[in-house]
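>>> sequence plus the predicted model coming up.
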Amino acid sequence: MINDDLAPVTIFHGLILDTPEDPFNGGELRAQECALVVTEGVITFRGSLAEAQKRHPSATLTGVDGVLLPGLVDTHVHYPQLRIIGGLGMPLLEWLEHCALPEEARMADPTHAQAVASEFVGGLISAGTTTALAFGAHYAPATDALFRAAHQSGLRMTAGLVVADQELREDLHTTPERAASEAAGLIETWHGKGKLRYAVTPRFALSSSPDLLDSCRETLSSRPDLFFTSHVNENQAEMAVVAELFPTSSNYSDVYDQHGLLGTRSLLAHNVHPTDAELARLGETGTAVAHCPSSNSSLGSGLFPLRRHLEAGVRVSLGSDVGAGTGFNQFKEGLQAYFHQQLQPDGVPLGPTHLLHLATVSGARALGHADVGHLSVGAVFDAIEVNPPSGTPLDAILRNAVSADRALAAVFANGTSADIDRVWMGGVATHTRTPE
Ligand SMILES: [Zn+2]
């Protein structure tokens, strides 16, 4: 038994929903009115309130009025693009040229970068995202500012300097040597510090020379626990350019494969248009894919072939892809993932349990975190309380829901940041919608 005198203990009590078992493999929604004992940020007991209070009579009791969910996981989001969310009406390459990249170039100004870093981290947390894989900036000081803001907030974040040395605009270019030395500096400062990890991040194959990708592989192999992320097969015009630039690669993801960049610590965003051979190789190597449905719809990139990914054994998680995506809200990404499947003849029928799993455990596992994304004993208490403002439609729906399943579906259909009342990270209350 834990001695309450030595460690701060909190008991959380209310309706708790999570998906510890994979619903794509028979798992069901775990919906329990129960208590969690949280000791130094970790769940040490799950069961009845009476038993929790008997074990910890002096613990603080926190009642949850709405629904308690695990903190959400966003596995693909671009920090420099926060202020250009909503650039509608362009396909990928035009959107990059006219909307995203001019904004990314502004990150050369450290004052601008610091302001955006704060807005970015705050935006994620208030949307209920407690774990993220984020693209940094093309500039090391701006990427440093992101790590600093995340560290101060308690956000569990994997991120890295974005590198490119061809195509795009020249003020975003680096060299293989500079990419390696700047990454080494950021890794030294931030990798493994608190809840931060470093991800080697070439923007995409299109903007990467073979020498730059070799430099990325060398950085990736410099430590065993670094992560890798980039983009793949997002848009057919983009894919055609990649095929021209890399004539010896058999397909898009083969560019990364030829440079030793696939594996269980690699995650590629989008993969809307993969070949069967690519899916087989991604499954074989354990490479994960971030599905970013809002972005895919907004840029007209296409409908995500989830069934083919599942059949090939490819791990799939969710990403907001801000700023091509339309906000940080992972409930919206879940809903859009559902829409993508509804609109395809061979789409996978997704229920609310699938959506919660994709927004929590799937992302956590894709990032190698076994102890977040669910609320079991031994897990870190990263959690959110969905408690809509009184009088709103979602409030009325939840108060009258006939089942936990229907309540969860309603959260995905209706929920926004405004419905997230409290956010805890590592047991610490980090965000409150309505400060007392
Ligand atoms: Zn992206």
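The structure has been received and is ready for your questions.
>>> use CA for all of it now, contacts and neighbours both
Noted.
>>> compute the first-to-last residue distance for stretch 76-85.
Stretch 76-85 has its terminal residues 14 Å apart, counting by Cα to Cα, to the nearest Å.
>>> my error: substitute stretch 85-97 in the last question.
Using Cα to Cα, one end of stretch 85-97 lies 15 Å from the other.
>>> again with stretch 295-313
End-to-end distance for stretch 295-313: 24 Å, by Cα to Cα.
>>> who's in contact with that stretch?
88-92, 95, 234-236, 270-273, 276, 279-280, 283-284, 291, 293, 315-316, 320-322, 324-326, 340-341, 344, 346-348 (Cα atoms under 8 Å, 6 or more residues apart in numbering).
>>> how about a cut-off of 7 Å?
For stretch 295-313, the surrounding residues in contact (Cα atoms under 7 Å, 6 or more residues apart in numbering) are 88, 90-92, 234-235, 272, 279-280, 283, 321, 324-326, 340, 347-348.
>>> any of those residues buried? List them.
88, 91-92, 234-235, 272, 279-280, 283, 321, 324-326, 340, 347-348 (16 or more other Cα atoms under 10 Å).
>>> among these, which lie within helices?
Using DSSP state H, the members of those that fall within helices are 92, 279, 280, 283, 340.
>>> want to try JSON lines for the residues you listed, with distance to residue 242 and pLDDT as columns?
Converted to JSON lines, these look like this (distance: Cα to Cα, whole Å; pLDDT from 0 to 100):
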{"residue": "92", "distance to residue 242": "14", "pLDDT": "95"}
{"residue": "279", "distance to residue 242": "18", "pLDDT": "98"}
{"residue": "280", "distance to residue 242": "20", "pLDDT": "98"}
{"residue": "283", "distance to residue 242": "22", "pLDDT": "98"}
{"residue": "340", "distance to residue 242": "26", "pLDDT": "97"}
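>>> closest to residue 364 out of these?
residue 283 (17.5 Å; Cα to Cα).
>>> three-state assignment of the residue positioned nearest the centre of the chain?
By Cα atoms, centre = their mean, the chain has its centre lying nearest to residue 74, at 1.6 Å. Following DSSP: H, G, I helix; E, B strand; the rest coil, the label given to residue 74 is strand.
>>> so where's the chain shaky on pLDDT?
Residues of the chain that meet the criterion pLDDT under 70 lie in 1-7, 435-436.
>>> longest helix of it?
Longest helix in the chain, counting residues (DSSP H): helix 110-126.
>>> end-to-end on stretch 375-383?
For stretch 375-383, the first and last residues are 8 Å from each other (Cα to Cα).
>>> same check, this time on stretch 284-291
19 Å.
>>> which positions within that stretch qualify as buried?
Buried positions in stretch 284-291, judged by neighbour count with 16+ other Cα under 10 Å: 285, 286, 287, 288, 289, 290, 291.
>>> swap in stretch 332-342?
Under the neighbour-count criterion of 16+ other Cα under 10 Å, stretch 332-342 has 332, 333, 334, 335, 336, 337, 338, 339, 340, 341 buried.
>>> how near is the fourth one to residue 274?
As judged by Cα to Cα, residue 335 and residue 274 stand 23 Å apart.
>>> with residue 104 instead?
On the measure of Cα to Cα, residue 104 and residue 274 end up 28 Å apart.
>>> and if you look at residue 92?
Taken as Cα to Cα, the span from residue 92 to residue 274 is 17 Å.
>>> run a quick neighbour tally on residue 94.
Residues near residue 94, counting by other Cα atoms under 10 Å, number 12.
>>> which other helices and strands does the strand or helix carrying it contact?
In the assignment (DSSP states H and E), residue 94 maps to helix 92-95. On a contact count with 3 or more Cα pairs under 7 Å, 6 or more residues apart in numbering; DSSP states H and E, helix 92-95 meets no helix or strand.
>>> for the stretch 1-150 of the chain, what spans make up the strands?
Assigned by DSSP state E, counting those that start in this stretch, the strands in the stretch 1-150 of the chain fall at 9-18, 30-39, 42-47, 60-70, 72-78, 129-135.
>>> list the strands paired with the longest one, with their directions.
Take DSSP bridges as the rule and strand 60-70 pairs in its sheet with strand 9-18 (parallel), strand 383-386 (antiparallel).
>>> nearest to residue 20 among the buried residues of stretch 332-342?
For these, the nearest to residue 20 is residue 334 (17.3 Å; Cα to Cα).
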